[in-house]
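Engineer: Test case, fold it:
(chains A, B, C, D, E and F)
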6 protein chains.
Amino acid sequence: MTDLVTFGETMLRLSPPRGDRLERTRSFDVQAGGAESNVAVAASLLGLDAVWLSKLPDSPLGRRIVRELRGHGVRTGVAWDTSDEKRLGTYYLEHGGAPRGVEVVYDRADSSVTTVTPEELATGVVADADTFYTSGITPALSETVRKTTGTLFEVAKQSGTTTTFDLNYRSKLWSPAEARETYEALLPHVDLLFAAERDVREVLDRDGDAVQLAHGLATDFDSDTVVLTRGDKGAVGIREGEVFERPVFEADTFDAIGTGDAFVGGFLTARADGGDIERCLTYGAATASLKRTIDGDLAVVTPAEVEAVIAEESGEISR
Amino acid sequence: MTDLVTFGETMLRLSPPRGDRLERTRSFDVQAGGAESNVAVAASLLGLDAVWLSKLPDSPLGRRIVRELRGHGVRTGVAWDTSDEKRLGTYYLEHGGAPRGVEVVYDRADSSVTTVTPEELATGVVADADTFYTSGITPALSETVRKTTGTLFEVAKQSGTTTTFDLNYRSKLWSPAEARETYEALLPHVDLLFAAERDVREVLDRDGDAVQLAHGLATDFDSDTVVLTRGDKGAVGIREGEVFERPVFEADTFDAIGTGDAFVGGFLTARADGGDIERCLTYGAATASLKRTIDGDLAVVTPAEVEAVIAEESGEISR
Amino acid sequence: MTDLVTFGETMLRLSPPRGDRLERTRSFDVQAGGAESNVAVAASLLGLDAVWLSKLPDSPLGRRIVRELRGHGVRTGVAWDTSDEKRLGTYYLEHGGAPRGVEVVYDRADSSVTTVTPEELATGVVADADTFYTSGITPALSETVRKTTGTLFEVAKQSGTTTTFDLNYRSKLWSPAEARETYEALLPHVDLLFAAERDVREVLDRDGDAVQLAHGLATDFDSDTVVLTRGDKGAVGIREGEVFERPVFEADTFDAIGTGDAFVGGFLTARADGGDIERCLTYGAATASLKRTIDGDLAVVTPAEVEAVIAEESGEISR
Amino acid sequence: MTDLVTFGETMLRLSPPRGDRLERTRSFDVQAGGAESNVAVAASLLGLDAVWLSKLPDSPLGRRIVRELRGHGVRTGVAWDTSDEKRLGTYYLEHGGAPRGVEVVYDRADSSVTTVTPEELATGVVADADTFYTSGITPALSETVRKTTGTLFEVAKQSGTTTTFDLNYRSKLWSPAEARETYEALLPHVDLLFAAERDVREVLDRDGDAVQLAHGLATDFDSDTVVLTRGDKGAVGIREGEVFERPVFEADTFDAIGTGDAFVGGFLTARADGGDIERCLTYGAATASLKRTIDGDLAVVTPAEVEAVIAEESGEISR
Amino acid sequence: MTDLVTFGETMLRLSPPRGDRLERTRSFDVQAGGAESNVAVAASLLGLDAVWLSKLPDSPLGRRIVRELRGHGVRTGVAWDTSDEKRLGTYYLEHGGAPRGVEVVYDRADSSVTTVTPEELATGVVADADTFYTSGITPALSETVRKTTGTLFEVAKQSGTTTTFDLNYRSKLWSPAEARETYEALLPHVDLLFAAERDVREVLDRDGDAVQLAHGLATDFDSDTVVLTRGDKGAVGIREGEVFERPVFEADTFDAIGTGDAFVGGFLTARADGGDIERCLTYGAATASLKRTIDGDLAVVTPAEVEAVIAEESGEISR
Amino acid sequence: MTDLVTFGETMLRLSPPRGDRLERTRSFDVQAGGAESNVAVAASLLGLDAVWLSKLPDSPLGRRIVRELRGHGVRTGVAWDTSDEKRLGTYYLEHGGAPRGVEVVYDRADSSVTTVTPEELATGVVADADTFYTSGITPALSETVRKTTGTLFEVAKQSGTTTTFDLNYRSKLWSPAEARETYEALLPHVDLLFAAERDVREVLDRDGDAVQLAHGLATDFDSDTVVLTRGDKGAVGIREGEVFERPVFEADTFDAIGTGDAFVGGFLTARADGGDIERCLTYGAATASLKRTIDGDLAVVTPAEVEAVIAEESGEISR
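Structural biologist: Model prediction:
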């Protein structure tokens, strides 16, 4: 049985060398990146049998995405777009220290995935999986994808597959009002919710401290588990009434992109292994801290490395 | 006064290292490429005052295009697209020897230039120019661009600006029938026509040997000059009845992309300097042969280098 | 059912930049390379369900090999070596034009695979497969591997799995006499034999023209099919009495390493699709010609590209 | 009308990769660098119409400099040196953390610019400009350049062009005594003076705190504006009696070279836009902080980025 | 006369780009690294006449090692291994920030040096040298090397050559018990001992504070000088009863590998120049701090740079 | 005893990537290059004990030159220039296929070597050497170097050191008339002369076929040996009346720079080993053919590789 199925868009990520700018660069480093494949890769590398569902152009660029994900052990269920309009979403990422900061330019409109329908996907894989995951980016891609997302949540619910959702609001894709409407329609179907505290306040328009926010979401949407991520302040999780607060593990950040997805991938892995909320948050946070040291969207880590981070904190090893 | 104004789309060109494939590459070389800016760059570097008109996204990527073209001396008249839908066309280019060949993947649909209207462009620059140039790619980009192209040809005609057109049929953009209809509407406004012999046969559906084809076009559309490019066989030009055949200059080809545009850029420069049809074809062919030795779309050459190629053939220099 | 199972060693391939020398280089390009995984990758990319069996060190280097192969769609059945003596075989490859030529320095002694036993491998996969393949390099790696190879051939034979063997004599691993003894013990179990004409003469010590050599091998070892590769002269195949000679497809060679493996991968794919000896040789030769244009051991190609090479020769397409 | 004209030397800047040393490197990153073109580029990118005047060898290296500057929108007024002695100044820059520090090796003696005379330059551009700028490096290059610098200051003064000077003492070019003599001859012609506090103390041999030093200079040389830069301590400006102190904006420094020039470029842009001394210092400091995050001499920034740095400090935006 | 002779293994060091991982990298940076050649290079660059003795495969890889060391002025006394089993030790180094840390994968078993005998080496060079140095890594390589190491110590002792030893315990090569036995056999022959405080506690199983540990070693083994290195806490040295404590010089660490060897190289250079224990520790610490800013194992520094670091601390220069 | 002493200038060679142009490149490959060090490196790698004499700036750049040469086994006798005017000669090399060709831009005027006097050099090394070599580039560098060259020839002659000279006329350094005057003054002191046939005709103004030219030179200047190099046509040698003509070995040319120096280095090595004129020409030609396949000025080859080239031609090996 499949442990985890994720569904969403993966893009080609193009980055100039450190210190250089998109405005003048002569070369790009090329990688695959997308919230749901990031999660699938982290989970796969940490031991889960993970499948990623999506739609890609039937082109060398689409095949490149599959190659990179497969390399990390993710099985891919791809609807290949052979239409004339097929295209791969891309995003340009420029690294930059303070006060400049990272700059991202998206070029993802009308990518092949925006036309994906349930009929094109192996929905049976969702029905047979232990857990289904997607992020709030996915339903924002197009009306068609929004419907497909809804259908996949329904398939999961009917099959007893645990549903997981990361709110992940992106202001470049839709307005808070649009997002809120979609989120509130999906959340009753979500068993396990991840959300940035800021999104809960600004998009879902809720008040209170972090624990109150988490409780409120869990109650209102009848969620099994709610995890609020709070940037440098760590994360707060609530599971069937049990609350746990987890600070971040300190890290020398080389590339912060994908940190949240690594957290989710680690969390879901620990959960599949029967971990309680403390273990899941800790495992997720350790995975996230390792991700920050690695170039690219993907948490290219091993279970032993995650355990070592945890053990070092707890003083179990001295190194 | 401006010597040459060109109008068209310029894309970001992304190429993996030699021997590598788009399907698995980890890095791209980045350059600007587009028929009309290629022509403007060649002409500018060979001595003309050249302007390129287009529309670009108001983003680091759009600015990157302008930076590269300006570096080669081209003045840019850009309508900056600030809409949410703005995007820069891109194309992926994979080099490959026989039997593989070069592979090109376009990702240019709905780029900012497809919405360009005459009102957004400095049409006065066209009116004041000696020569106006665009290629057959431009009207294929969108209905809007097709109309804008027509308007610019009209402005040129009314102002006494010489109009130049390179047929440049691209099967990925439209069908031969669509192209033919547009071409035949534009050609009566064209003073100087460049066309690949193959396009004349397959798109314009004409027969005969190269000279007959050129004569036919010149007569039917009342063109001042018609140049037929014939790949390895060189080019044939006819100007006010005078015919000249020009073989190619042998070259070690490093990158063949942009060879035709270099030819046009060289031809137009020689023509602006008062060259006859033989001189123009020769200067264009020498520029084209140099381009083949250089990485990228652009003919980064000097007048002295072009003259040296010509002189070496004629035995004027021994080296 | 698995179409193809291969068994053998895959190494890390380290190459300095073109024109540079191992003696002074500051950087290496890194890839995976090994006859049997090369064959599996080519077959996988051309459409077969291919599995590669081997033993690797349980280390980042071992995982790197798996990542690259999986990316190309190959399933991997790896015995992970966790012993203190674990190591990954490596080979250093220096490109060089005539009269220098390519230089290879192997560093593969005592690699993890040299200790692989049948018990460590999923022999059931061999029993369930349509075809089993290994090369003459494999039994040369160690006495242990030689026995394991023998066992796998027996498993295949007993299960009705077609057995395939590429003679592939490597003078750096053993003497012709040693090789001959092993080959002659294995060949009676081989249904489909690939061999370089030169190896047949120099190692198996046989005489005659290519067709005579092939006939002799087929008769003496009761092989279903014998294919003799002849370098620039192409290949000769004999299958159940039917003989076919196939010249090479011309190619601009960027990297010749892995050409023979690409040939085998293409041949086996065509054979699995029911192709006759002509089709198999042609498909293999076309795959091999494409490989020569690509950097690395691996034939990173698509079925459409192989078909295009064949079609172009036959005049079916003009391009 | 031209907003800003700068005059000075631009060199080819050659840097080994991070962590490598000039003593053993195998590759250089190549960029253009020189105080006056650095200022012109920053000002141009921030919105001014900027011209850079200089003399360059008529060679590919000289053309490379022009290409890079033009790309950033700077217009170039270059006297092309066609003599046998023509050469481009170069400088080698090795990055290094503490305690090693950055190492610079100049190779600029007898570069083409050292022979530049007023007759070779378009002095009319200076006369028509709003502001003229050069640094204290320029008159140190040669006796000829010193005279040319004097002439250009005179042209500016006579034409009502505001004159700006950055003291910028370089001990590798001349002694403090030589520099002081030249500076004191030029300063009476300077309307707007930039100087490092240290240079004022060590070269001009003045005492007092920063504000006293600025006042003293403004009084003694009848300057409209005096700005003292104080490294990590920020800058102090005095304009017609008004004093303002501006700390630096914190930055993750990737490359500190050119920070001072970025400051001047930002200051002059704000001044051209009518900014008061506070606005000018703030805008310059924000530009400088961005520069520190970017590889190379040049402040490749946008007005929006500079405004964002300022707004973030003032709490106007939260990000 | 030779100032310093070192004996030990040098490996090829292979590192992926910063932020990348061994598990997926496409390129390696290549350098030479080994404790004893690191020491020889530092000493040579700081002014000593240094010789490195070892055994290398007679191959391009072996020659590459010699090329790099000779470039830094080290004379090489190499026994060339022409056997079929010849191989060069390699090590893979992956940089990584906290919490990941640097990862090293050794592939050095059965390298050519493991078979080196005294007869293959120019032992006369040891007899004629002022100082002989090896590290605790060397006798751990093989039984043969252990004996050869013992022989070389004897040669040195008999010739009046000062013997130097850096304990340098490596847990991947042997157990603490094995190491201790070897160390305790060698230490009576050692005049000048370097040891990490941790190794003294954990391998030699001794207690006390750092000064007590140093005293104990000096007394028990009748050493002239004992230096204990204490990581961030600096070093403690005792020489003929005189004790000196030296903190580290602060450094921006780019690459920490080889810091200890740079310290030894600097120390030995100062000692050869007649420096007292304070001078030696200071010179070693300054060399070590510079090393940390440089990519690779080697301290590519100059005497002037080391002196500048010392002078800056002492306030002799202000910069 | 030293086998070979060479004297001349070595520069930093800076090359953009293949296909790129000096006019726009963002990176340079860096190497050392100079006729006399090229010869010394080839000879050293082929087995001679070779010393290179010169003067270099006391800077990281000067040390970089020494590092590279020493790495190849050349001993360096360098006068270190500590003056303020010290500089290292550089040259920019742009590769390019036909019809573009290779472009070289020299920046070597006033380099440190132009001030070298005999007093700064270890002339005793010349006196003790078997052979002394310099090229016609050296006396063209400055009047001072011309005199120093003369002095070294005198020292050699007086000591019985064989003198070798490669005419090597460079039109960028002096006129044919100037060169001829210097050459004719030096040639009576030359035992072994290399000259390009073209230079003999155009600079020495002599007529006849190649053999006649060689004979004429040998007779007129009382040379022991004269070798005329004839580009693609190979070389003609005459030694004490014996004539031998040697065609080139075919090569895939990657980088032609330094081919002539490799020829001389090979020739001198064979000569030192007692080879006759045929052997010397053959060994030189084989070394030269290998050089053409290697990036950079230097013939990074082994004696075994040279012998293999010769053996392959003679049919002694089949490969």
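
Engineer: which residues does whatever residue of the stretch 151-300 of chain A ends up closest to chain F contact?
Structural biologist: Taking C-beta to the nearest C-beta, chain F has its nearest neighbour within the stretch 151-300 of chain A at residue A:295, 20.4 Å off. From N, CA and C alone the C-beta is placed, and that goes for glycine too. Listed by C-beta atoms under 8 Å, 6 or more residues apart in numbering or on different chains, the contact set of residue A:295 reads A:29, A:31, A:254, A:255, E:17, E:18, E:19, E:20.

Engineer: just checking, the fifth one touches residue E:94?
Structural biologist: To tie it back to what came earlier, the one meant is residue E:17. No. With contact defined as C-beta atoms under 8 Å, residue E:17 and residue E:94 do not form a contacting pair (10.0 Å).

Engineer: and the host helix or strand of residue A:92, how far out from the chain's middle?
Structural biologist: According to DSSP states H and E, residue A:92 maps onto strand A:90-94. Centroid separation for strand A:90-94 versus its chain: 17 Å, with C-alpha atoms, centre = their mean, to the nearest Å.

Engineer: Pull up the pairing partners for that strand, direction included.
Structural biologist: Sheet partners assigned to strand A:90-94 using DSSP bridges are listed as strand A:11-15 (parallel), strand A:103-107 (antiparallel).

Engineer: before we move on, the earlier item: so which of residue E:17 and residue E:94 has more stuff around it?
Structural biologist: Shown here are residue E:17 and residue E:94; by other C-beta atoms under 10 Å in any protein chain shown, residue E:94 has more neighbours (21 against 16).

Engineer: who's in contact with the nearest residue to the more buried one once chain neighbours are set aside?
Structural biologist: Excluding the flanking residues, the one nearest residue E:94 by C-beta to C-beta, 6 or more residues apart in numbering or on different chains is residue E:103, at 4.3 Å. Residues near residue E:103 by C-beta under 8 Å, 6+ apart: C:60, E:22, E:93, E:94, E:96.

Engineer: ok so, going back, the contacts of residue A:295: which two are farthest apart?
Structural biologist: Across the contacts of residue A:295, no pair lies farther apart than A:31 and E:18, at 14.8 Å, counting by C-beta to C-beta.

Engineer: Name the residue in the two with the higher neighbour count.
Structural biologist: The neighbour count for residue A:31 versus residue E:18, taken as other C-beta under 10 Å, is higher for residue A:31 (23 against 18).

Engineer: how big is the angle separating the helix or strand where the more buried one lies from strand A:11-15?
Structural biologist: Assigned by DSSP H and E, residue A:31 falls within strand A:27-33. If you take axes from the mean of the first three to the mean of the last three C-alpha atoms, to 10 degrees, strand A:27-33 sits at 150 degrees to strand A:11-15.

Engineer: Residues of chain A that sit close to chain C?
Structural biologist: Within chain A, the positions adjacent to chain C are A:67, A:68, A:70, A:71, A:72, A:73 by C-beta under 8 Å from any C-beta of the partner chain.

Engineer: Could you tell me how many residues sit around the residue in the stretch 1-150 of chain A that chain D sits nearest to?
Structural biologist: Nearest residue of the stretch 1-150 of chain A to chain D: residue A:97, at 2.7 Å (C-beta to the nearest C-beta). Residue A:97: 18 surrounding residues under other C-beta under 10 Å.

Engineer: Likewise for residue A:250?
Structural biologist: For residue A:250, the neighbour count with other C-beta under 10 Å is 11.

Engineer: Do you know the pLDDT at it?
Structural biologist: As predicted, residue A:250 sits at a pLDDT of 96.

Engineer: Residue A:240 too?
Structural biologist: pLDDT for residue A:240: 87.

Engineer: surely it meets residue A:222?
Structural biologist: No. Between residue A:240 and residue A:222 there is no contact under C-beta under 8 Å: 11.5 Å.

Engineer: More neighbours: which of the two?
Structural biologist: Taking other C-beta under 10 Å, residue A:240 and residue A:222 do not tie; residue A:222 has more neighbours (12 against 9).

Engineer: Check the gap between the residue lying closest to that one once chain neighbours are set aside and residue A:35 for me.
Structural biologist: Leaving aside its chain neighbours, residue A:222 sits nearest to residue A:188 (6.8 Å; criterion: C-beta to C-beta, 6+ apart). Using C-beta to C-beta, to the nearest Å, we find residue A:188 at a distance of 22 Å from residue A:35.

Engineer: okay, the two: which has more neighbours?
Structural biologist: In terms of neighbours (other C-beta under 10 Å), residue A:35 is the more surrounded of residue A:188 and residue A:35; the figures are 25 against 12.

Engineer: tell me the contacts of that one?
Structural biologist: Residue A:35 touches A:8, A:135, A:137, A:138, A:166, A:168, A:260, A:261, counting by C-beta under 8 Å, 6+ apart.

Engineer: Give me the pLDDT for it.
Structural biologist: pLDDT, residue A:35: 98.

Engineer: Looking at the contacts of residue E:103, which is nearest residue E:180?
Structural biologist: Of the contacts of residue E:103, the one sitting nearest to residue E:180 (C-beta to C-beta) turns out to be residue E:93, at 27.7 Å.

Engineer: tell me the contacts of the closest one?
Structural biologist: So residue E:93 contacts E:13, E:14, E:15, E:102, E:103, E:104, E:257 (C-beta under 8 Å, 6+ apart).

Engineer: Rebuild those residues as CSV, extending it with distance to residue B:109 and pLDDT.
Structural biologist: Shown next, in CSV, are the contacts of residue E:93 (distance: C-beta to C-beta, whole Å; pLDDT from 0 to 100):
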residue, distance to residue B:109, pLDDT
E:13, 48, 98
E:14, 43, 98
E:15, 42, 98
E:102, 46, 96
E:103, 44, 96
E:104, 49, 96
E:257, 50, 97
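
Engineer: and those, which are buried?
Structural biologist: Buried subset of the contacts of residue E:93 (neighbour count, 16 or more other C-beta atoms under 10 Å in any protein chain shown): E:13, E:14, E:15, E:257.

Engineer: Please determine how far residue A:203 is located from residue A:170.
Structural biologist: From residue A:203 to residue A:170 the distance is 10 Å (C-beta to C-beta).

Engineer: Compare those two and say which one has the larger neighbour count.
Structural biologist: Using other C-beta under 10 Å as the criterion, residue A:203 and residue A:170 rank with residue A:203 on top: 22 against 14.

Engineer: Surely that one and residue A:168 touch.
Structural biologist: No. With contact defined as C-beta under 8 Å, residue A:203 does not reach residue A:168; the gap is 10.1 Å.

Engineer: Now the element after the longest helix seen in chain A, going C-ward?
Structural biologist: The longest helix of chain A (DSSP state H) is helix A:143-159. Using DSSP H and E, the next helix or strand after helix A:143-159 towards the C-terminus is strand A:162-166.

Engineer: now that following strand, how far from the centre of its chain.
Structural biologist: Here the centre of mass of C-alpha atoms in strand A:162-166, compared against the chain's by C-alpha atoms, centre = their mean, lies 10 Å away.

Engineer: show me where the stretch 1-150 of chain A has strands.
Structural biologist: Per DSSP state E, counting those that start in this stretch, the stretch 1-150 of chain A has strands spanning A:4-7, A:11-15, A:27-33, A:50-57, A:75-81, A:90-94, A:103-107, A:131-135. These are given in chain order.
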